[in-house]
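In: What would the 3D arrangement of this be:
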Amino acid sequence: MAATPETPVSAAPRRKVSRHRGEGQWAVGHFTPLNGNEQFKKDDDGLNVRTRIETVYSKRGFDSIDPQDLRGRMRWWGLYTQRKPGIDGGKTAVLEPEELDDEYFMLRVRVDGGRLTVAQLRAIGEVSEQYARGTADITDRQNIQLHWIRIEDVPAIWEKLEAVGLSTTEACGDCPRVIIGSPVAGIAADEIIDGTPAVDEIHERYIGNKEFSNLPRKFKTAISGSPVQDVVHEINDIAFVGVNHPEHGPGFDLWVGGGLSTNPKLAQRLGAWVPLDEAPDVWAGVVGIFRDYGYRRLRTRARLKFLMADWGPEKFRQILEDEYLKRKLVDGPAPEEPSQKWRDHIGVHQQKDGRFYVGFAPRVGRVDGTTLAKIAELAGAHGSDRLRTTVEQKMIILDVTEDQVESLVSGLEALDFQVKPSPFRRGTMACTGIEFCKLAIVETKQRGSQLIDELERRLPEFDEPLTINLNGCPNACARIQVADIGLKGQLMLDGNGEQVEGYQVHLGGALGLEAGFGRKVRGLKVTSADLPDYIERVLKNYEAEREDGERFATWAARASAEALS
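Out: This next block holds a predicted model:
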């Protein structure tokens, strides 16, 4: 019936109009509302918690720690509460933080550029033995992590570490994390440019500086002048990649906005060439953009990769030049393809000064304090005072004279550190897993070590570069999306209908050559118990079907679902 003055129709429901709250970008005036993380950072800078640790918490014990310090600000000094023993993976997302928290901490020691002296490694080993029940893990960001740390012992640990030039400052938290660098910077014969001065200056000027101690989320940096491209630059917030400019000579190609976790994105080139002496200022400009324009409203969108995805590289470069550097950057060439299939520097290699470096492989980064001390002694006994960690959870001893190499290799192998490891020992990484991590769902370290043994036994002739990365949850600390075989921990039902630990499988991820994320075959999951059978089957299919010289990642991208199952 048509509406008339005598027969009005009911008014349509009024549409609720809500004001867009913005993304929490300071630079455009979005300072509220604050989520819990932004609130505690506004209340007090994370760097300030050190005083309370030293003067209050270490004296009064775990129960005296303010909750916002415990699960927030203490990260700025490398401290995370670790998982209480005995809590299975099914309860990870169900229990409250205080139910998951143990009264012990993981402590992360920064190793910027992966650089250690014999004295520093010895000190970490002593801290491990004295305060951390002998635990020590080499991470895929060149750090060393210790567990079972009591709050009462933290000041003494800091004193011991800082006496040899190490620190835990901003090893965690919403701040600039460790600066990863080429582990053979300054010594490799084929190096394009030595990025060590940039690593040092950034660290000296900005780490522990409140100018950048309140970022939307963590910020990851990579600097390498190696043609091997050995710092996984594609998945860092900022990366400086060595290139030769046809007019200006050696410098860096600038990449921004990489990151993994549950929404992975590869970094993008800004098309800019950066000379070595300008790298710290360019770094500060990019971090400044993240601080001021980064998304703070939703924690799940607070990484720089989301801003880059929305802006694109052209706008990002324009803002960097116009608002932060106040000058134009020089256009530059893209890096050449990596010069080697393996990017980890394992084996014996000659340095540009005629001496040698020796790279060796622990099992999935798992070591212990006693062994770290033995590595330090081995290095010192063979004329070296310099060691390196790598982004593949490996280690390198530098500056070995030719007559000492054979003896050093024998000493390392006596400690079960292989200089010529199988592809499985060389290419398998694992995150911390459920043993200590509150986010984890499944075990990883022991599983990875057992997997290495099984694959070496079953496939002794396999000799192709291969990465197998095990992660205890979806957060991708072990880079599952960019592994040949990436294994994301989850609970699943086995053939008997019992809930067991297992993994969702990602296949054919890669960095360097044809960088991209792994393929997920619909419904492809494997129990922990079936993992060796599954990988053996897939690798045999690869060997049967691959073309001459074809990498696993390339084959996995074209293989049938049946060949991958």
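In: Isn't residue 140 up against residue 389?
Out: No: contact status for residue 140 versus residue 389: not in contact, 9.6 Å apart, counting by CB atoms under 8 Å. The C-beta positions use only the backbone N, C-alpha and C, and glycine is treated the same way.
In: Which one of the two is surrounded by more residues?
Out: Just comparing residue 140 and residue 389: by other CB atoms under 10 Å the higher neighbour count belongs to residue 389, 25 against 21.
In: Across the sheet, point out what pairs with residue 221.
Out: When bridges are taken as DSSP bridges, the partners of residue 221 come out as residue 179, residue 238.
In: what sits against the residue nearest to residue 308 when sequence neighbours are not counted?
Out: The spatial neighbour of residue 308 that comes closest, neighbours along the chain excluded (CB to CB, 6 or more residues apart in numbering), is residue 257 at 2.9 Å. Taking CB atoms under 8 Å, 6 or more residues apart in numbering, we find residue 257 in contact with 237, 265, 267, 268, 304, 305, 307, 308, 309, 316.
In: same thing but 10 Å
Out: For residue 257, the contact set (CB atoms under 10 Å, 6 or more residues apart in numbering) comprises 235-239, 265-268, 270, 286, 290, 303-309, 311-313, 316.
In: out of those, which are buried?
Out: Of the members of these, the ones counted as buried by neighbours, 16 or more other CB atoms under 10 Å, are 235-239, 265-268, 270, 286, 290, 303-308, 311, 313, 316.
In: The most centrally placed residue in the chain: helix or strand, and which one exactly?
Out: With distances taken as CA atoms, centre = their mean, the residue of the chain nearest its centroid is residue 141 (4.5 Å). Per DSSP states H and E: residue 141 is located in neither a helix nor a strand.
In: Now that residue 37 has come up, it's in contact with residue 299, right?
Out: Yes: in this structure residue 37 lies within contact range of residue 299 using CB atoms under 10 Å: 6.1 Å.
In: Next, show the common contact partners of the two.
Out: Common contacts of residue 37 and residue 299, defined by CB under 10 Å, 6+ apart, comprise 174, 216, 217.
In: For the second one, give its distance to residue 440.
Out: Taking CB to CB, to the nearest Å as the measure, residue 216 and residue 440 are separated by 25 Å.
In: Same question for residue 86.
Out: From residue 86 to residue 440 the distance is 14 Å (CB to CB).
In: Those two - which one has more neighbours?
Out: Between residue 86 and residue 440, counting by other CB under 10 Å, residue 440 is the more crowded of the two (22 against 5).
In: What segments of the stretch 151-300 of the chain are helices?
Out: Taking DSSP state H, counting those that start in this stretch as the criterion, the stretch 151-300 of the chain contains helices spanning 154-162, 196-206, 279-293.
In: So in the protein, where's the weakest helix or strand by average pLDDT?
Out: Comparing helices and strands within the chain by mean pLDDT, DSSP states H and E singles out helix 97-100 as the least confident, with a mean of 90.
In: Give the buried residues for that one.
Out: By neighbour count, and taking 16+ other CB under 10 Å as the criterion, the buried residues in helix 97-100 are residue 100.
In: Residues contacting that helix, please?
Out: Under the criterion CB under 10 Å, 6+ apart, residues 67, 70-71, 81-84, 87, 91-92, 94, 437-439 lie in contact with helix 97-100.
In: What about the residues you listed, which are in helices?
Out: 67, 70 (DSSP state H).
In: Which single one of the contacts of helix 97-100 is nearest to residue 329?
Out: For these, the residue nearest residue 329 by CB to CB is residue 439; the value is 38.1 Å.
In: Let me know the distance separating the closest one from residue 306.
Out: Between residue 439 and residue 306 the distance, using CB to CB, works out to 20 Å.
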